[in-house]
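Peer 1: Below: sequence and its predicted model.
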Amino acid sequence: MLARRSNLKLKNDATVTLPLLVPSFSSKGFGFAREKGQKKSYSKVSASLDLVHPYLNTAFLLSAYDLHFGHLKNTTSSYNSAALVFIDSGGYELSPEYDSSEPRVYDHKPSDFTADHYAKVLQNLPQGQFIVANFDHTAKGSPVETQIQAARKFFAGQPRFLNNFIIKPSGQRAAYLDTSAILGHVAKCRGFNALGLTEKELGNNLVDRLRTIAKIRVAMDREEVASPIHIWGGLDPLITPLYFFAGAEIFDGVSWMRYAYWDGVAVSRESYAILCKGVETPHNHASALSLNENITVLQQLTTSFQQFVDGGGKEFDMFGSRAKELSRAYNTMLTRIPEMKGGH
């Protein structure tokens, strides 16, 4: 099977156990508000970060774009709460596209944010354990080998961080990754601490996305490239297990702030309030409850992934009420994706 457990060694010689589900914080799509007595407006995401950062013991993700523009409050105090902090290069905020969890598409006009701005953000990060992405926003359309060389050059100037190489579609107008082009350069990805793939760029349907992950993972195993695959975006509680079955080990997204996880699926917060507390539950109360509960669900799902591997991929009871659906999906993957039958 392609699902696996491994460890990511940090710069301080400690390790973080994989698989890893990473709550992400991004100002994109959440709006801004000014608190009473303050001159500056902050992203509404700041309230979520303030609420849950004491419970983010393993990992969370912040965007360098938000750090550069000061969109979030109290980020410095949150760094020490987790063993590892992921830093995105701002590609999501610079792109006009939204991730798959966004229920509405807003008119998004990003401010100017360059590779030099990103480098300055990294320079100003405090001491701690960070894993940083390459500046992938300008990489789309470049040949795979060119992307690898550019990422290596960038990471060589950031020796105090772990590195996370996000690979982009190599065709000038391509919306999706060219799997065949990536497979020809997999061996050159040896040495990156993680290989990042953006969920929307994996393929135009779920089976294609799963097939892309599986093909790349099998090729990496063949070339003894041990770097974990990181799927950027989504973090849906029903879809993420399928990405894990296909061989990915790190997952992040902002859906945990947009939806409530209930009975193995993502539901609206209004629905969550009815299911959990009742129709008269105030919206703010339901939001706070769902945020805390979602962190618990992600932790439980991580344990389920570990148990799935320990059981040799033969049992699905650890997924609770969604065991039947995930078992059926896994069997379909084995039928439709030949690479699923390989792996460790």
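Peer 2: Alright, I've got the coordinates.
Peer 1: residue boundaries of the helices in the stretch 201-344 of the chain?
Peer 2: Residue ranges of the helices in the stretch 201-344 of the chain, as given by DSSP state H, counting those that start in this stretch, are 206-222, 240-245, 255-258, 269-276, 283-310, 323-336.
Peer 1: Extract the CA atoms of the shortest one and return them as CSV.
Peer 2: Right, helix 255-258. Taking Å, rounded to 0.1, in the frame of the first residue of the first chain, the C-alpha atoms of helix 255-258 are listed here in CSV:
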residue,chain,number,x,y,z
SER,A,255,-11.8,24.6,5.4
TRP,A,256,-11.6,24.0,9.2
MET,A,257,-12.3,27.7,9.6
ARG,A,258,-15.2,27.8,7.1
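Peer 1: Off-centre distance for it?
Peer 2: Relative to its chain's centre, helix 255-258 lies at 12 Å (Cα atoms, centre = their mean, to the nearest Å).
Peer 1: repeat for the last one
Peer 2: With Cα atoms, centre = their mean as the basis, helix 323-336 stands 23 Å off its chain's centre.
Peer 1: do stretch 209-220 as well
Peer 2: Distance of stretch 209-220 from its chain centroid, counting by Cα atoms, centre = their mean, is 17 Å.
Peer 1: on that earlier part again, how about the helices of the stretch 201-344 of the chain in a markdown table, adding mean neighbour count and distance to Gly184?
Peer 2: From N, CA and C alone the C-beta is placed, and that goes for glycine too. What follows is those, written out as a markdown table (neighbours: other Cβ atoms under 10 Å; distance: least, Cβ to Cβ, whole Å):
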| stretch | mean neighbour count | distance to Gly184 |
| --- | --- | --- |
| helix 206-222 | 21 | 9 |
| helix 240-245 | 24 | 23 |
| helix 255-258 | 24 | 33 |
| helix 269-276 | 16 | 45 |
| helix 283-310 | 17 | 29 |
| helix 323-336 | 15 | 24 |
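Peer 1: Indicate which one of those is closest to Ser24.
Peer 2: Of all the helices of the stretch 201-344 of the chain, helix 255-258 sits nearest to Ser24, with 8.0 Å by Cβ to Cβ.
Peer 1: contacting residues around the nearest residue to Phe60 once chain neighbours are set aside?
Peer 2: Excluding the flanking residues, the one nearest Phe60 by Cβ to Cβ, 6 or more residues apart in numbering is Pro23, at 5.1 Å. Counting by Cβ atoms under 8 Å, 6 or more residues apart in numbering, Pro23 makes contact with Val52, Leu56, Phe60, Leu61, Leu235, Asp252, Trp256, Met257, Asn294, Ile295, Leu298.
Peer 1: The residue positioned nearest the centre of the chain bridge partners, please.
Peer 2: Nearest to the mean C-alpha position of the chain, counting by Cα atoms, centre = their mean, stands Asp252 at 1.9 Å. Beta bridges link Asp252 to Val22, Trp232, judged by DSSP bridges.
Peer 1: Double-check it against Ser24; I have them as touching.
Peer 2: Yes: using Cβ atoms under 8 Å, Asp252 makes contact with Ser24 at a distance of 4.6 Å.
Peer 1: what sits in contact with each of the two?
Peer 2: By Cβ under 8 Å, 6+ apart, Asp252 and Ser24 have these common neighbours: Leu61, Phe86, Leu235.
Peer 1: Now do the contacts for the last one.
Peer 2: Going back to what we said before, that points to Leu235. Leu235 makes contact with Leu21, Val22, Pro23, Ser24, Ser101, Phe251, Asp252, Gly253, Val254, Ser255, Trp256, Leu298 under the criterion Cβ under 8 Å, 6+ apart.
Peer 1: now the second one
Peer 2: With contacts defined as Cβ under 8 Å, 6+ apart, the neighbours of Phe86 are Val22, Ser24, Ala59, Phe60, Leu61, Leu62, Phe130, Ile131, Val132, Ala133, Asn164, Asp252.
Peer 1: again, only using 7 Å
Peer 2: Applying Cβ atoms under 7 Å, 6 or more residues apart in numbering to Phe86 gives the contacts Val22, Ala59, Leu61, Ile131, Asp252.
Peer 1: pLDDT below threshold where in the stretch 201-344 of the chain?
Peer 2: Applying pLDDT under 70 to the stretch 201-344 of the chain flags residues 281-283, 342-344.
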